[in-house]
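Asks: Please work out how this folds:
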Amino acid sequence: MEKLKVIIVGGVAGGASAAARLRRLNEDAEITIYEKSGYVSYANCGLPYFVGGVIKDKRELTLQTPLSFQRRFNIKVEVNHEVVSIDRKSKTVAVKDLETGKTFIDSYDKLVLSPGAKPIVPNIIGKDHRAVFTLRNVEDTYRIKEYIDTHDIGRALVAGGGYIGVEMAENLARLGIKVTLVQKDPHLINPLDADMAALVHREMRGNGVELLLGEGVEQILDRGSKAGVVTSGGHRAEADIVILSLGVRPENKLALESGLALGPRGGISVDEHMLTSDPDIYAVGDAVEIKRLPGGVKALVSLAGPANKEGRIAADNIAGIPSAYRGSAASSVLKVFSLTVAMTGLSEDAALKSGIRASSVILFSNDHASYYPGARGLALKVVFDEDSGKLLGASCIGGSGADKRIDVLATALLNGMKARDLKDLDLAYAPPYSSAKDPVNMAGFMVENVENGLLRQFGYDELANLPKDGSVILLDARTPREYSYGHVEGFVNIPVDELRENIDRLPQGKDVYVMCQSGLRSYIACRILEGHGFKAFNFKGGYMHYAYLHEDRLLSGETYPCGEPKRP
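Replies: Now for the predicted structure:
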């Protein structure tokens, strides 16, 4: 019986995972990886940290080498080899040796495409300046690091505020370089809602990173060893190095030219088994469109976790083991100086734009019991469907523990839980790690209260429309000392512990809008007010949330809140 012959195009996360899994399932298969870069199975997500000097040994970036793959898995790995075409009829590929320039033909029984994605480089004047770089693979990293080490770099400009752009800005700043980050969208890290991204902005600015939000790079001028950057907002800056991190596009050339079906976003179309429109070709990783959770709409998800799972699933099916990919909630986490920023599923803005009647709860708590030393703040936003009650997504930002909470919420999301049922999760507790009522449980309690009508909410963007003519009551339930440090104009101070004895000061028949520091005391005040015949509304996230947002809007050049997305 002839051996199964499998060719894998691309040897990073998805391709390497598929190769190793297939070998574990089939000792006799002939497996070959063709990788057009000079490295295989490298730590893509670690590249910015090598530039910043956090990872010092370049060998730490490569998890496997062609030799180690051969020794451990008996897999042939050819780096600097690019598959340039596929002949589906003859089941062959044309491979170009990038070192010699020669091309040869190889045959396959099954083919796995894992070509990844390529950086988006806009067609702007000056993009080929010697001080302009993109970061996608190990070679890019070495070029950037060498340039920094051999030039006097005082200022850097990073274009793009996604994961890599933010991480690059942090690592350049840690080298003592003055960094400007230009982002075309109004806020950094698109999967976050603007109200949560404000916390990231504050951390970036607090560490010396200048943010130019709502602007794009329009032109790069040659200033000798420096690059002059002109933005769409009219800003001009000079930089010793420019990093373009404007996102990626699926590397779909092979699939397109060979006639494989593509999805609406240009990625390779695959089914739940990672099978393309050709019964002998699978595709995995950043180049494919997969089900995005919740909802199952096909999307591009450029993350290492999904790519590794997809590679394993493709290998299972090639080996005859029925295996299906359930989809990705695009769960992610990144470090932003002293903050951990984590998210899963849909943001509230994305849900509303997709036509879902979405709502959210926001809470600020400590990452562990407040009486145990070292407690730090944690902001958690949970998004849910007002009609079905189902959990849609969440984001969590804090000094520690944000990743733990998002992992719990990602698990709940995958299993279709209702947001109110988060209250029932039996989560581990000890004072150094959490509170007896974990923030995830607290979010569930809050959603239940919203659904039961016990909690009415209003948000930052509604403040501008609250009447100031006395027709409603604006109440701050914090202590006089907290109130004196800062408060929203028009809100009168009656501490929650003194509210009952002062209830007669409030005229009946008027709605009451209540704020406190984090939202807890104002909720208690709302319940007291409801018990005395008032209709009360609680401010989402409290004055702490207001302060972050208001500072961010002012520093971003806005004079007052923007309008929320209109509900369908």
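Asks: contacts, neighbours, all on C-alpha from now
Replies: Noted.
Asks: which residue ranges form the helices in this protein?
Replies: Under the criterion DSSP state H, the chain contains helices at 13-25, 47-51, 66-73, 138-150, 163-174, 194-206, 253-257, 304-318, 348-353, 402-414, 439-451, 480-485, 520-531, 542-555.
Asks: Can you check what angle separates the fifth one from helix 194-206?
Replies: Between the axis of helix 163-174 and that of helix 194-206 there is an angle of 20 degrees, by axes from the mean of the first three to the mean of the last three Cα atoms, to 10 degrees.
Asks: about what we covered before: with mean pLDDT added, can I get the helices of the chain in TSV?
Replies: Listed next are those as TSV, based on pLDDT from 0 to 100:
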stretch	mean pLDDT
helix 13-25	95
helix 47-51	86
helix 66-73	88
helix 138-150	91
helix 163-174	95
helix 194-206	96
helix 253-257	96
helix 304-318	96
helix 348-353	96
helix 402-414	97
helix 439-451	96
helix 480-485	95
helix 520-531	96
helix 542-555	91
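Asks: which residue sits farthest out from the middle of the chain?
Replies: Centroid-distance maximum for the chain: residue 504 at 48.7 Å, with Cα atoms, centre = their mean.
Asks: quick one: that one and residue 95, what's the gap?
Replies: As judged by Cα to Cα, to the nearest Å, residue 504 and residue 95 stand 84 Å apart.
Asks: And residue 427, by the same measure?
Replies: For residue 427, the distance to residue 95 (Cα to Cα) stands at 52 Å.
Asks: the more surrounded of the two?
Replies: residue 95 (21 against 14; other Cα atoms under 10 Å).
Asks: if I pick the more buried one, what's in contact with it?
Replies: Taking Cα atoms under 8 Å, 6 or more residues apart in numbering as the contact definition, residue 95 lies against 81-85, 103-106.
Asks: again, but for residue 332
Replies: Counted by Cα under 8 Å, 6+ apart, residue 332 has contacts 303, 342-344.
Asks: Looking at pLDDT only, which of those scores worst?
Replies: Least confident by pLDDT among these: that is residue 303, with 90.
Asks: Any idea how many residues pack against that residue?
Replies: Residue 303 has 17 neighbours, counted by other Cα under 10 Å.
Asks: hang on, isn't it packed against residue 330?
Replies: Yes - using Cα atoms under 8 Å, residue 303 is in contact with residue 330, at 7.3 Å.
Asks: What separation do you get for residue 88 and residue 279?
Replies: Taking Cα to Cα, one finds residue 88 at 10 Å from residue 279.
Asks: give me every residue that touches residue 535.
Replies: Going by Cα under 8 Å, 6+ apart, the list of residues near residue 535 reads 510-512, 529.
Asks: per-residue confidence for residue 222?
Replies: On pLDDT, residue 222 comes in at 88.
Asks: Do a quick rundown of the strands in the stretch 351-500 of the chain.
Replies: For the stretch 351-500 of the chain, the strands defined by DSSP state E, counting those that start in this stretch occupy 358-366, 377-385, 391-398, 457-458, 473-476, 492-493.
Asks: what's the most buried one of those strands?
Replies: Comparing the strands of the stretch 351-500 of the chain by mean neighbour count (mean count of other Cα atoms under 10 Å), strand 391-398 ranks first with a mean of 29.
Asks: What is it packed up against?
Replies: Strand 391-398 sits against helix 194-206, strand 339-345, strand 377-385, helix 402-414, with contacts defined as 3 or more Cα pairs under 8 Å, 6 or more residues apart in numbering; DSSP states H and E.
Asks: Confirm for me that residue 344 is in contact with residue 409.
Replies: Yes - contact criterion Cα under 8 Å: residue 344 and residue 409 qualify, at 7.5 Å.
Asks: which residues are common contacts for the two?
Replies: 393-394.
Asks: Do a quick rundown of the strands in the stretch 1-150 of the chain.
Replies: Here the stretch 1-150 of the chain has its strands, by DSSP E, counting those that start in this stretch, at 5-9, 30-35, 76-79, 81-87, 92-97, 103-107, 110-113, 117-119, 132-134.
Asks: and the fourth one, what's its mean pLDDT?
Replies: So that's strand 81-87. For strand 81-87, mean pLDDT is 97.
Asks: Work out the sheet partners of that strand and label each with its direction, please.
Replies: Neighbouring strands of strand 81-87 in its sheet, by DSSP bridges, are strand 92-97 (antiparallel).
Asks: now the third one
Replies: Strand pairing for strand 76-79, using DSSP bridges, gives strand 30-35 (parallel).
Asks: angle of the partner strand against strand 103-107?
Replies: Here strand 30-35 runs at 140 degrees with respect to strand 103-107, directions being taken by the same axes, to 10 degrees.
Asks: coming back round to it: out of the helices and strands packed on strand 391-398, which comes closest to residue 471?
Replies: Nearest to residue 471 among those is helix 194-206; the distance by Cα to Cα comes to 28.2 Å.
Asks: in the closest one, what counts as buried?
Replies: Judged by neighbour count (16 or more other Cα atoms under 10 Å), helix 194-206 contains these buried residues: 194-204.
Asks: Determine the number of other residues adjacent to the residue lying closest to residue 509 once chain neighbours are set aside.
Replies: Spatially, and ignoring its direct neighbours in sequence, residue 509 is nearest to residue 534 (6.8 Å; Cα to Cα, 6 or more residues apart in numbering). Residue 534: 18 surrounding residues under other Cα under 10 Å.
Asks: what bridges to residue 300?
Replies: When bridges are called by DSSP bridges, residue 300 pairs up with residue 289.
Asks: Over to residue 227?
Replies: Bridge pairing for residue 227 - DSSP bridges - gives residue 222, residue 239.
Asks: before we move on, back to that, now render the helices and strands packed on strand 391-398 as a markdown table, adding distance to residue 370.
Replies: What follows is the helices and strands packed on strand 391-398, written out as a markdown table (distance: least, Cα to Cα, whole Å):
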| stretch | distance to residue 370 |
| --- | --- |
| helix 194-206 | 21 |
| strand 339-345 | 18 |
| strand 377-385 | 10 |
| helix 402-414 | 16 |
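Asks: Among residue 88 and residue 279, which residue is more densely surrounded?
Replies: Applying other Cα under 10 Å to residue 88 and residue 279 shows that residue 88 carries more neighbours, namely 16 against 9.
Asks: ok, now how distant is the more buried one from residue 519?
Replies: Distance of residue 88 to residue 519, computed by Cα to Cα: 61 Å.
Asks: What of residue 375?
Replies: 19 Å.
Asks: of those two, who's got more company?
Replies: residue 519 (25 against 19).
Asks: That one touches residue 537, doesn't it?
Replies: No - if you go by Cα under 8 Å, residue 519 and residue 537 don't touch, sitting 10.8 Å apart.
Asks: what sits against residue 383?
Replies: Applying Cα under 8 Å, 6+ apart, we find residue 383 in contact with 346-348, 358-361, 391-394, 419.
Asks: again, 7 Å this time
Replies: Residues near residue 383 by Cα atoms under 7 Å, 6 or more residues apart in numbering: 347-348, 358-361, 391-394.
Asks: How about residue 340?
Replies: Going by Cα under 7 Å, 6+ apart, the list of residues near residue 340 reads 334, 397-400, 402.
Asks: cool, residue 175 as well?
Replies: Contacts of residue 175 by Cα under 7 Å, 6+ apart are residue 52.
Asks: Test for you: state the pLDDT assigned to it.
Replies: 94.
Asks: Can I get stretch 180-189 in PDB, CA atoms only?
Replies: Only the C-alpha atoms of stretch 180-189 are listed here, as PDB (Å, rounded to 0.1, in the frame of the first residue of the first chain):
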ATOM      1  CA  THR A 180       3.800  58.600  18.500                       C
ATOM      2  CA  LEU A 181       1.000  56.200  17.600                       C
ATOM      3  CA  VAL A 182      -1.300  57.200  14.700                       C
ATOM      4  CA  GLN A 183      -4.700  55.400  14.500                       C
ATOM      5  CA  LYS A 184      -7.200  55.900  11.800                       C
ATOM      6  CA  ASP A 185     -10.100  54.700  13.900                       C
ATOM      7  CA  PRO A 186     -11.300  56.900  16.900                       C
ATOM      8  CA  HIS A 187      -9.900  54.500  19.400                       C
ATOM      9  CA  LEU A 188      -7.200  51.800  19.800                       C
ATOM     10  CA  ILE A 189      -7.800  48.000  19.600                       C
END
